[in-house]
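> show me the folded form of this:
(chains A and B)
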Number of protein chains: 2
Amino acid sequence: MKRFYLGIDLGGSEVKLAVVDEKGAIIDKNSFSNNYLSTPKDVAAKITNYAKKLKGFGRVSATGIGVAGDIDQKTGVVRFSPNMKNWKNIHLGAMLKNKLPSPIVIDNDANAAALGAFWLDAKGAAKNLICITLGTGIGGGLIFGGKLYTGSTGSAGEIGHIPIDPYGAKCNCGNHGCIERYLGANYLSESARNDPKIQKSAIINKLVKGDLSAITPKILSTAALKGDKNALRVWKCYGEKLGIILSAVINLLNPDMIVLAGGVSKAGPLIMGPLVKTINDRAFKTAARKCKVIISHYTKRLGVVGSALLTKN
Amino acid sequence: MKRFYLGIDLGGSEVKLAVVDEKGAIIDKNSFSNNYLSTPKDVAAKITNYAKKLKGFGRVSATGIGVAGDIDQKTGVVRFSPNMKNWKNIHLGAMLKNKLPSPIVIDNDANAAALGAFWLDAKGAAKNLICITLGTGIGGGLIFGGKLYTGSTGSAGEIGHIPIDPYGAKCNCGNHGCIERYLGANYLSESARNDPKIQKSAIINKLVKGDLSAITPKILSTAALKGDKNALRVWKCYGEKLGIILSAVINLLNPDMIVLAGGVSKAGPLIMGPLVKTINDRAFKTAARKCKVIISHYTKRLGVVGSALLTKN
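Just a heads-up that it's a prediction; the model follows:
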């Protein structure tokens, strides 16, 4: 009989749950809303309730939780989550013990997403895979030899903090010119709002009803798809910058596959052309040819499926 | 009884051989000269002769060869070696079969050096280790979970081709602004020769007897140790640039240890200060604290010892 796994994707605005089989197929799923002020106790109680409603829960043999934040994988402690104010050094593993099927493993959402991409997008076949989540931050998760690689203190995968301009703008992390400082959703929006040509774009002004502060990556995608030249330029530049960093990552790690996920990856068709061209121009030829770069077909479920399979890793 | 391994470090100017035990201690070693015009047949014959002279050869249970070049690890073929003209698609593994103890494994010299650093500098204890060879090129080898990681086509570890200035000078690899383009020995020397302040330095002029074309990293080290301010500045800048790239590598791979090896690492004491300061300023704090950065204590034997232990990997 197939083994079943419980996965929980604990995000700042939504908590998703699913029972999945050992290849990541979803048996049943549900979800509830979360917010910045949620308390760990309330969320843990809701997780238990929602999990028990899932079909197949009785057959689950392990639980995995992916949390947007800084996680101590060894102890199951959420050290810090930027999107949930009350989650500081919360021993989530201990709170759920005896309530959900053991073992319970906790990791950060980017690592969980990488495992999800490995099982769903690559069908378990790309032994060396890098998953990059493009959103407010630029996250990364690494699969080497078919296993999640988290490094010596659990923080490996920070692709967003490779500098593209080491003497450039200061990033929140303290470093200068990190790729996240240019491509993170907020920075991208801010940069577009301050761009005189974007400010004058009729298409964009119509989309935001004259309120330039409403410019987001989504608005920029919509405008580009409507043919706005300046919005198209924003995404071309995004693809080129990401391509420069991915070329470095391909030279360093020589993966089979790079999977782009996260909200901004919806702009994928706009960035893939310049992205792939940049990789072909810049990365080592054999390594570049070997590395398939795709936009995840499963962005919305990567986190919950990957979380479920954390214990399988 | 301890297992013995035969290691061969096949370089463009010298071939080193050694019998080592399973922890990398050298039982016996020897070497012979090589040059750009050597033929694979002659070198293979010499390797066999020299290997048989080594104490402990009769007890050797496997052979590993590290070659400066592009290697197909699976087939044992030296595709190309920039330092040996006649080595193009040479099936070295087949040439040595039945002449040296099997299995025979071939890999590139940077990967072999990383294994050497893992066993000698880290005593097998730093599970995630990155070895960087600073010489004509900037090479890299990756150890994850105590095993050599070579990627999907065997070319992982190309730390030298991470760009520090993506819109900067063109590198031999076709990319722009790779760190090797600035810190590789030839580029470093050329840049120093063209520096008006270096050109006027009394200390340097004395060292090269007025012939500025004789400026090498070694001359720059000697001048710096004699207090030459401009040579000191060259090494400070070297340490900072390398530190920027190592910060990115620490954020991405979160290793226990980074080992610097190769000829230019002799300038280590001149670069370590600015290097470590840059990492402390730029890399993620927990990851940076965990990562020990050292200059190898075994630079000259990393290649031969690591080669010997390739089959143990």
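> could I get the buried residue list for whatever helix or strand A:Arg289 lives in?
A:Arg289 is located in helix A:285-290, with elements delineated by DSSP states H and E. Residues of helix A:285-290 classed as buried under the neighbour-count rule (16 or more other Cβ atoms under 10 Å in any protein chain shown) are A:Ala287, A:Ala288, A:Lys290. Where C-beta positions appear, they are placed from N, C-alpha and C, glycine not excepted.
> hang on, isn't the last one packed against A:Leu253?
The one in question is A:Lys290. No - in this structure A:Lys290 lies outside contact range of A:Leu253 using Cβ atoms under 8 Å: 11.4 Å.
> I'd like the distance from the lengthiest helix in chain A to the chain centre, please.
Of all the segments of type helix in chain A, defined by DSSP state H, the longest one is helix A:229-253. Offset of helix A:229-253 from its chain centre (Cα atoms, centre = their mean, to the nearest Å): 17 Å.
> gap between the very next helix or strand once past it and the chain center?
Moving toward the C-terminus from helix A:229-253, the next helix or strand (DSSP H and E) is strand A:257-261. Relative to the centre of its chain, strand A:257-261 is centred 10 Å away, using Cα atoms, centre = their mean.
> for whichever helix or strand comes after strand A:257-261, buried residues please.
Using DSSP H and E, the helix or strand that follows strand A:257-261 towards the C-terminus is helix A:268-282. If you call a residue buried by 16+ other Cβ under 10 Å, then helix A:268-282 has these buried ones: A:Gly268, A:Leu270, A:Ile271, A:Met272, A:Pro274, A:Leu275, A:Thr278, A:Ile279, A:Arg282.
> other SSEs contacting the least confident helix or strand in chain A by mean pLDDT?
Of the helices and strands making up chain A, the lowest-confidence element is strand A:70-72, at a mean of 89, by mean pLDDT, DSSP states H and E. For strand A:70-72, the helices and strands in contact under the criterion 3 or more Cβ pairs under 8 Å, 6 or more residues apart in numbering or on different chains; DSSP states H and E are strand A:77-80, strand A:104-108.
> kindly recompute the last result at 10 Å.
strand A:77-80, helix A:92-96, strand A:104-108, helix A:109-120 (3 or more Cβ pairs under 10 Å, 6 or more residues apart in numbering or on different chains; DSSP states H and E).
> in the shortest one, which residues are buried?
Counting neighbours by 16+ other Cβ under 10 Å, one finds that the buried residues in strand A:77-80 are A:Val77, A:Val78, A:Arg79.
> now those in CSV, with distance to chain B?
Formatted as CSV, the buried residues of strand A:77-80 follow (distance: Cβ to the nearest Cβ, whole Å):
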residue, distance to chain B
A:Val77, 14
A:Val78, 15
A:Arg79, 10
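> with distance to A:Gly7 added, can I get those in CSV?
Converted to CSV, these look like this (distance: Cβ to Cβ, whole Å):
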residue, distance to A:Gly7
A:Val77, 19
A:Val78, 16
A:Arg79, 21
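> about what we covered before: ok, and which of the helices and strands packed on strand A:70-72 has the densest surroundings?
Sort the helices and strands packed on strand A:70-72 by mean neighbour count, taking mean count of other Cβ atoms under 10 Å in any protein chain shown, and helix A:109-120 sits at the top with a mean of 29.
> can it be found next to chain B?
No - using Cβ under 10 Å from any Cβ of the partner chain, helix A:109-120 never reaches chain B; the gap is at least 11.7 Å.
> show me what the next helix or strand after that helix is packed against.
Past helix A:109-120, further along toward the C-terminus, the next helix or strand under DSSP H and E is strand A:129-134. Where contact means 3+ Cβ pairs under 10 Å, 6+ apart, strand A:129-134 is packed against helix A:109-120, strand A:138-144, helix A:229-253, strand A:257-261, strand A:292-295, helix A:299-308.
> returning to that earlier point: so which of the buried residues of helix A:268-282 reach chain B?
Okay, of the buried residues of helix A:268-282 touching chain B (Cβ under 10 Å from any Cβ), that's A:Thr278, A:Arg282.
> can you put the buried residues of helix A:268-282 in CSV and add pLDDT?
Below are the buried residues of helix A:268-282 laid out as CSV (pLDDT from 0 to 100):
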residue, pLDDT
A:Gly268, 86
A:Leu270, 93
A:Ile271, 95
A:Met272, 96
A:Pro274, 97
A:Leu275, 97
A:Thr278, 98
A:Ile279, 98
A:Arg282, 97
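> from the buried residues of helix A:268-282, which is closest to chain B?
A:Arg282 (4.4 Å; Cβ to the nearest Cβ).
> beta partners for A:Gly7?
Counting by DSSP bridges, A:Gly7 forms beta bridges with A:Ala18, A:Gly64.
> residues from the stretch 51-200 of chain A in reach of chain B?
Residues of the stretch 51-200 of chain A lying near chain B (Cβ under 10 Å from any Cβ): A:70, A:79, A:126-130, A:140, A:142, A:144-145, A:147, A:149-167, A:171, A:173-179.
> just the buried members of those residues?
A:70, A:79, A:126-130, A:140, A:142, A:144, A:149-166, A:171, A:173, A:175-179.
> quick one: which of those sit in strands?
A:Asp70, A:Arg79, A:Leu129, A:Ile130, A:Gly140, A:Leu142, A:Phe144, A:Tyr149 (DSSP state E).
> of those, which pair is most distant in space?
A:Arg79 and A:Leu129 (26.3 Å; Cβ to Cβ).
> name all residues that make contact with the residue in the stretch 201-313 of chain A that chain B sits nearest to.
When scored by Cβ to the nearest Cβ, the stretch 201-313 of chain A has A:Asn254 as its residue closest to chain B, at 2.5 Å. By Cβ atoms under 10 Å, 6 or more residues apart in numbering or on different chains, the residues touching A:Asn254 are A:128, A:283-284, A:286-288, A:290-291, B:142, B:149-158.
> what's the residue lying closest to it once chain neighbours are set aside in contact with, if anything?
Leaving aside its chain neighbours, A:Asn254 sits nearest to B:Gly151 (2.5 Å; criterion: Cβ to Cβ, 6 or more residues apart in numbering or on different chains). Shown in contact with B:Gly151 (Cβ under 10 Å, 6+ apart): A:127-128, A:144, A:250-256, A:287, A:290-291, B:142, B:157-158.
> which one of these is nearest to B:Leu17?
Nearest member of the contacts of B:Gly151 to B:Leu17, counting by Cβ to Cβ, is B:Gly157, at 24.0 Å.
> phi first, then psi, for the closest one.
Per-residue torsions, B:Gly157: phi 110, psi 0 (degrees, to the nearest 10).
> ok, it touching B:Gly140?
Yes - using Cβ atoms under 10 Å as the test, B:Gly157 is close enough to B:Gly140 to be in contact (4.0 Å).
> list residues touching both of these two?
A:Asn251, A:Leu252, B:Ala110, B:Asn111, B:Ala113, B:Ala114, B:Ile130, B:Cys131, B:Ile132, B:Thr133.
> may I ask which two of the residues you listed are separated the most?
A:Asn251 and B:Ala113 (17.8 Å).
> these two touch, right, A:Ser152 and B:Phe284?
No - if you go by Cβ under 10 Å, A:Ser152 and B:Phe284 don't touch, sitting 11.9 Å apart.
> now do the shared contacts for those two.
Shared contacts of A:Ser152 and B:Phe284 (Cβ under 10 Å, 6+ apart): B:Ile250, B:Asn254, B:Lys290, B:Cys291.
> quick check: the farthest pair among these?
Farthest pair in the shared contacts of A:Ser152 and B:Phe284, by Cβ to Cβ: B:Ile250 and B:Lys290, 8.7 Å.
> of all of the stretch 1-150 of chain A, which residue lies closest to chain B?
Counting by Cβ to the nearest Cβ, the stretch 1-150 of chain A gets nearest to chain B through A:Asn128 (5.1 Å).
> OK, contacts around the spatially closest residue to that residue that is not a sequence neighbour?
Among residues not flanking A:Asn128 along the chain, A:Pro255 sits closest, at 4.3 Å (Cβ to Cβ, 6+ apart). Applying Cβ under 10 Å, 6+ apart to A:Pro255 gives the contacts A:126-130, A:142-144, A:246, A:249, A:287, A:290-293, B:151-153, B:156.
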